[in-house]
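# Sequence and predicted model, in that order:
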Amino acid sequence: MNNPIKRLAELLLPGSLLGAIAALAVGGVALYGGLPTGYIVVSILAIGVPLALFGAGYSFLLASARIRIGGITPAVGYWLIGYTVSRTVYEIAVNTYLGQPFLLSDGVFAFFGFQLLVSTGFAVGFMWLHENIAPLWWLRIRDRNPVAAAYVAAYMQQSVYQERNKERVKRT
């Protein structure tokens, strides 16, 4: 694959896929709650599109080496913004669908404060999933994608380091 746009797109896939999975979880909860089909669809799209875009953005930052693999601090910083923006889009879309003005029942500061707190947990979960799903994808595409090959090499190097560390601990 010589096309750099296609190579980049396949690197963005794990992050965007995780955003879509999160949206399906929201839809599942809404379905389980017995909410109307229109509400479920709006919920999935309103949270799914922003989370998928921000997930792709996270993968892009990894691909462009602006954040490091396994870095929790950059992930939390990124998702402080990404999650909060995604939830705000969701609130606006759902309230618009319901014909209600964009009024936050607990107030703007309480809404944003809560989203900032929840975003940390989302960031940790997202990063954990990304760290466990993306390498499987990178293994699959490493022969045609040099960035994926570099990721796989970095993971292999880390694995060797950890194995040597374990053996050193056993010896002492």
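Looks like it arrived, so ask away. For clarity, every value in this text was computed on a predicted model and none was experimentally measured. Numbering: from 1, shown residues only.
# When you work out contacts or count neighbours from here on, use the C-alpha atoms and nothing else.
Will do.
# For stretch 70-82, which outside residues touch it?
Identification of contacts with stretch 70-82 by CA atoms under 8 Å, 6 or more residues apart in numbering yields 50-51, 54, 58, 67, 115-116, 119-120, 122-124, 127, 131.
# and with 7 Å instead?
Stretch 70-82 has contacts (CA atoms under 7 Å, 6 or more residues apart in numbering) with 54, 67, 116, 119-120, 123, 127.
# pLDDT averaged over it - what is it?
Mean per-residue pLDDT for stretch 70-82: 91.
# in it, what's buried?
Buried positions in stretch 70-82, judged by neighbour count with 16 or more other CA atoms under 10 Å: 72, 74-76, 78-80, 82.
# Tell me which of the residues you listed fall in strands.
Among these, no member is found in strands (DSSP state E).
# And those residues, which is closest to residue 160?
Nearest to residue 160 out of the buried residues of stretch 70-82 is residue 72 (CA to CA; 21.6 Å).
# re earlier: now distance to residue 155 too, for the buried residues of stretch 70-82, in JSON lines please.
Putting the buried residues of stretch 70-82 into JSON lines (distance: CA to CA, whole Å) gives the following:
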{"residue": "72", "distance to residue 155": "16"}
{"residue": "74", "distance to residue 155": "19"}
{"residue": "75", "distance to residue 155": "18"}
{"residue": "76", "distance to residue 155": "21"}
{"residue": "78", "distance to residue 155": "22"}
{"residue": "79", "distance to residue 155": "23"}
{"residue": "80", "distance to residue 155": "26"}
{"residue": "82", "distance to residue 155": "26"}
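# which one of those residues is nearest residue 46?
Comparing the buried residues of stretch 70-82 against residue 46 with CA to CA places residue 82 closest, at 13.5 Å.
# quick one on the thing from earlier: out of the contacts of stretch 70-82, which comes closest to residue 31?
residue 119 (23.5 Å).
# count of neighbours near that closest one?
23 (other CA atoms under 10 Å).
# same question, residue 18
The tally of other residues near residue 18 (other CA under 10 Å) stands at 23.
# which residues does it contact?
So residue 18 contacts 52, 55 (CA under 7 Å, 6+ apart).
# Quick check: the gap between it and residue 48.
Taking CA to CA, to the nearest Å as the measure, residue 18 falls 9 Å from residue 48.
# still on that earlier bit, find the pair from the contacts of stretch 70-82 with maximum spatial separation.
Taking CA to CA, no two of those sit farther apart than 67 and 116, at 20.4 Å.
# I'd like the contacts of stretch 70-82 written out as JSON lines, with distance to residue 141, pLDDT and secondary structure added.
As requested, the contacts of stretch 70-82 are arranged in JSON lines below (distance: CA to CA, whole Å; pLDDT from 0 to 100; DSSP: H, G, I helix; E, B strand; the rest coil):
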{"residue": "54", "distance to residue 141": "22", "pLDDT": "96", "secondary structure": "helix"}
{"residue": "67", "distance to residue 141": "21", "pLDDT": "85", "secondary structure": "coil"}
{"residue": "116", "distance to residue 141": "35", "pLDDT": "89", "secondary structure": "helix"}
{"residue": "119", "distance to residue 141": "30", "pLDDT": "93", "secondary structure": "helix"}
{"residue": "120", "distance to residue 141": "30", "pLDDT": "91", "secondary structure": "helix"}
{"residue": "123", "distance to residue 141": "25", "pLDDT": "92", "secondary structure": "helix"}
{"residue": "127", "distance to residue 141": "20", "pLDDT": "89", "secondary structure": "helix"}
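# With that, I have no additional questions.
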